[in-house]
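Enquirer: Give me a model of this one.
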Amino acid sequence: MTITKQTVADKIAAYLHHELTLAQLVDWAETALMDGELAESDSKTLSQVIARLGVADVRAFGLAWEDCEDLLHQLGFSPRVEVVAA
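Expert: Residues are numbered from 1 along each chain as shown. A predicted model of the protein is given here:
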């Protein structure tokens, strides 16, 4: 399966929605870099964003909201926050 900008944006969104743990996101990114078929037209951007996600479990890098926002912008997406009653 070809990895597209939408694929990566969906993974980041799943992480932000607590559907994926940081460890799961990092594992996916590491596997995607090694075995994934990146969409040729976006391969440079995809490889940079996925590589950044792949090191998010390293304390020196981490993955803050601002990081996710920046990565999504690089992919051509914009995050939106919605606050609802618990």
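Enquirer: Which strands and helices lie in contact with the longest helix belonging to the chain?
Expert: As assigned by DSSP state H, the longest helix anywhere in the chain is helix 22-35. Taking 3 or more C-beta pairs under 8 Å, 6 or more residues apart in numbering; DSSP states H and E as the contact definition, the neighbouring helices and strands of helix 22-35 are helix 5-16, helix 43-54. In short, each C-beta sits where N, CA and C put it, glycine included.
Enquirer: ok now do the most centrally placed residue in the chain, which residues does it touch?
Expert: Centrality entry for the chain: nearest residue to the mean C-alpha point is Ile12, 4.0 Å, by C-alpha atoms, centre = their mean. With contacts defined as C-beta atoms under 8 Å, 6 or more residues apart in numbering, the neighbours of Ile12 are 25, 53, 68, 71-72.
Enquirer: what distance separates stretch 47-61 from the centre of its chain?
Expert: Centroid displacement of stretch 47-61 relative to its chain, using C-alpha atoms, centre = their mean, to the nearest Å, is 9 Å.
Enquirer: tell me the mean pLDDT for that stretch?
Expert: Taken as a whole, stretch 47-61 has a mean pLDDT of 94.
Enquirer: show me where pLDDT drops low in the protein?
Expert: Segments of the chain classed as low confidence (criterion: pLDDT under 70) are not present in this model.
Enquirer: and the residue lying closest to Thr21 once chain neighbours are set aside, how many neighbours?
Expert: Distances taken as C-beta to C-beta, 6 or more residues apart in numbering place Tyr15 nearest to Thr21, at 7.8 Å, with adjacent residues excluded. Using other C-beta atoms under 10 Å, Tyr15 is surrounded by 20 other residues.
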